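Chemist: sequence plus the predicted model coming up.
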Amino acid sequence: MAEPIIQIKDLSKQYGGKVVLKNISLTVNEGDAIVIIGPSGTGKSTLLRCINLLSKADSGSIKLDGKEINTPNVNEDEVRQHISMVFQDFLLFNHLTALGNVKIGLTKVRGMDAEHAEERAKEELTRVGLAENADQFPGQLSGGQKQRVAIARALSMEPRVILFDEPTSALDPELIGEVLEVMRKLAEEGMTMLVVTHEIGFARQVADRIVFIEGGVVVEEGPPNELFYNPKTKRTREFLWKITELYGHDQEEGQG
Amino acid sequence: MLLESIKFILMGTYVTIAVIAVALPLGFIFGLLLALIHVYGSPLISRLTSIYSTVMRGVPPIVLLFLLFFVIAGSINLSPFLAGSLALGIISSAYQLEIFRGAIQSVSSGQMIAARSIGMSRLKAVLYIILPQALRFAIPPWSNEVSTVIKDSSLVYALGVAEILRRSQFVAARTYKPMLAFSVAALIYFLMTFIANRFLDEVERRTRIPAH
Amino acid sequence: MGDWMGILAKYLPYFYDGLIITIKLTLVGLALGAVVGMPATIGRVYGGKWIRHLCVGYIELFRGTPILVQLFVVYFGFPELGITLSRMTSAYLVMALNSGAYQAEYFRGAIQAIGGGQMMAARSIGMSRLKAIRYVILPQALRLVIPAWSNEPISLLKASAVAFLIAVPDLMTQAKTIAARTYNPIGTYVIVAVIYLIVAFVLTGILHFLEKRLKIPGLELEAQRT
């Protein structure tokens, strides 16, 4: 069996006296689409930020392709070229066009020449369906378009894994669908991804595994069918029932 | 005789512009560097730059001009023009430090996070993401500072430099027409600040980020 | 360093005399400036064509020319027109007009921050323009302007330092004399710099105190983007 892309063991983090993550362990294999669900404020976003080293975990091991990255002398910038992130509030570079946003990682981080970078950037924008908006600035784009540019930017770095931190939580309901569609396609194409979200329909349809985190610990994890129809714990059953009530857009019933 | 007098005063414009051409860039480079080390440096360095800013901006420019002049002239043999211009540049650097500090800090913190998340080092993030936005925000207050430097250049009068004001005084004494002489001086300064501000307004317009 | 303390001790009365004049210049300039600046803003924002142009002209003229040149025009130039003013009067006049122009801009910022909606609301209950300005706009503007305006006393304090070039007996004039007598210009001017810093510090403290006293919760200018 091939080496997992991400191997997390006993990850813990405290924040201002509160324990946010407690001995979290997680394995992410190549091609996995893992959805992390759970009540707000229970450390899901913190977990993602520890993985791409934007936050420093207090203890535990994080291995990227077998190499330990939760150490003091790791080259963070290099790690982040292989682990991309898409944020809840997009965080596009305001002074660059959509094309510019995707290009800049290629030219300034990977040292590509301008022509090649431009080509690659156009490819990524086309991949997310925004080829026509290449010359527009973030201020001129809708929320859904902004997030898709953010995804294109993350993709441009050709990462081993993409982390999605509540990618649709800041979007108007009618714009959520276009972003989820892009994410679904990526998963189908075999992109390894970790997604923190409340979008249950997406989780059911797309996830290879769902991880339910509450109070900083993994309560349960498993393929969607298992969790939804045969949950091992009462808490899981309760939470999924509630969230399906609130958020469930069953993809079969049409786009939500 | 009148025309010659006015021409004489006008020639002082070259000297004034020379003073500004030394002081403003000096203030810019020094001020920007200090702003960067203030925002991104250690707490100790931040403290030191804060003290520099408070002192240099709390003392009247003419006092600093004299002090710096005596210190500079005491150690190296520089002309009053050069010593005065350098002093003005040092004074301006404190104000420009504040301008760039404010501009850098008003770039939202998410921009740095996003830049790091695609693997940029801090240095690259500052150069390619933060500064391009910060410098645009800085244009309006910087336009004010340009006006200030233009006006403060008149202070080198006190060092005997033959700029606009000193020449006006000379003309006033010779022609017994002080009102005319000093009004001409005022007009020249006014035109300079006016043109500079209009120019920078245009720069701001052209570099504006659409829909931001 | 010991030298400097010596100079301070020996010439303290002279420094003191100069300081008093400097403070007088600053405070009078500040007060008269407000008296000139406020009407100038109101004229600029609410006035008819001619008044508006007049006000803009005044404001731009005094903000666009060096205060030193303004001093020379008034003290050396006016006599040619038959208006001869003493040094002190010239200085007071220039300080007032100069500060007035800057204060006008601060007031204008505050009035614009209040927005046209307030005027609309006032007119819609039947107030005349004048009443609206007096009872709705100004009370809010005066409170909004305080943070920005509190730059002005310090600015004026620093600007007053050039008055010595028309021989006003302020702190700088005293310094010139003392520097010559002691053959220690650096020491003298360092003392002067420190005195200015202390006065600025005290002024800032007073302003903070006043600001706290006058705050209305919820009525604040949002931190402006440069």
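Modeler: Alright, I've got the coordinates. Numbers count the residues shown, from 1 in each chain, chains lettered A, B, ... in the order given.

Chemist: for the closest residue to C:Met172 other than its chain neighbours, give its distance to B:Ala173.
Modeler: Ranked by C-beta to C-beta, 6 or more residues apart in numbering or on different chains and with sequence neighbours excluded, the top spatial neighbour of C:Met172 is C:Phe164, at 3.7 Å. Where you see a C-beta, it was placed from the backbone N, CA and C, and this is true even at glycine. According to C-beta to C-beta, to the nearest Å, C:Phe164 and B:Ala173 sit 20 Å apart.

Chemist: buried sites along the helix or strand containing C:Glu105?
Modeler: Using DSSP states H and E, C:Glu105 sits in helix C:87-114. Residues C:88, C:90-111, C:113-114 are the ones in helix C:87-114 that count as buried (16 or more other C-beta atoms under 10 Å in any protein chain shown).

Chemist: cool, and stretch C:155-163?
Modeler: Within stretch C:155-163, the residues scored as buried using 16+ other C-beta under 10 Å are C:Leu156, C:Leu157, C:Lys158, C:Ala159, C:Ser160, C:Ala161, C:Val162, C:Ala163.

Chemist: now do stretch C:199-219
Modeler: For stretch C:199-219, burial by neighbour count (16+ other C-beta under 10 Å) applies to C:Val199, C:Ala200, C:Leu203, C:Leu207.

Chemist: which other helices and strands contact the helix or strand of chain C with the lowest mean pLDDT?
Modeler: Across the helices and strands of chain C, mean pLDDT, DSSP states H and E gives its lowest value to helix C:116-124, namely a mean of 79. Counting contacts by 3 or more C-beta pairs under 8 Å, 6 or more residues apart in numbering or on different chains; DSSP states H and E, helix C:116-124 is packed against helix C:129-132.

Chemist: wait, isn't the residue nearest to C:Met172 in contact with C:Ala179?
Modeler: No: contact criterion C-beta atoms under 8 Å: C:Phe164 and C:Ala179 do not qualify, at 11.7 Å.

Chemist: might you report the residue contacts of B:Glu117?
Modeler: One thing to correct before we go on: residue B:117 is Ser, not Glu. Shown in contact with B:Ser117 (C-beta atoms under 8 Å, 6 or more residues apart in numbering or on different chains): A:Asn52, A:Leu54, A:Arg80, A:Ser84, A:Met85, A:Phe87, A:Leu91.

Chemist: the second one and B:Ala114 touch, don't they?
Modeler: No: under the contact definition of C-beta under 8 Å, A:Leu54 does not touch B:Ala114, with a separation of 10.3 Å.

Chemist: higher neighbour count, the two?
Modeler: Counted by other C-beta atoms under 10 Å in any protein chain shown, A:Leu54 and B:Ala114 do not tie: B:Ala114 has more neighbours, with 25 against 18.

Chemist: so the more buried one sits right up against A:Leu91, yeah?
Modeler: Yes: the pair B:Ala114 / A:Leu91 is scored as a contact, 3.7 Å apart, by C-beta under 8 Å.

Chemist: for residue 85, what are its contacts?
Modeler: You didn't pick a chain, so chain A it is. Contacts for A:Met85 (C-beta under 8 Å, 6+ apart) come out as A:Leu48, A:Asn52, A:Leu54, A:Ala154, A:Ile162, A:Leu163, A:Phe164, A:Asp165, B:Ser117.

Chemist: correction: the question concerned chain B.
Modeler: B:Ala18, B:Val19, B:Val22, B:Ala23, B:Leu26, B:Val156.

Chemist: so what pLDDT did the residue in the stretch 51-200 of chain A that chain C sits nearest to get?
Modeler: Nearest residue of the stretch 51-200 of chain A to chain C (C-beta to the nearest C-beta) works out as A:Asn94 at 12.5 Å. A:Asn94 is assigned a pLDDT of 86 by the prediction.

Chemist: and it, how far from A:Gly100?
Modeler: A:Asn94 sits 10 Å away from A:Gly100, going by C-beta to C-beta.

Chemist: ok, B:Leu2 next?
Modeler: Here the criterion is C-beta to C-beta. By it, B:Leu2 lies 58 Å from A:Gly100.

Chemist: one more: B:Leu123?
Modeler: Here B:Leu123 is placed at a distance of 20 Å from A:Gly100 (C-beta to C-beta).

Chemist: more crowded one of these two?
Modeler: Neighbours around B:Leu123 and A:Gly100, counted as other C-beta under 10 Å, are more numerous at A:Gly100. The numbers are 20 against 10.

Chemist: tell me the confidence at that one?
Modeler: 93.

Chemist: lowest average confidence, helix or strand, in chain A?
Modeler: In chain A, no helix or strand scores lower on mean pLDDT, DSSP H and E than helix A:234-247, which sits at a mean of 82.
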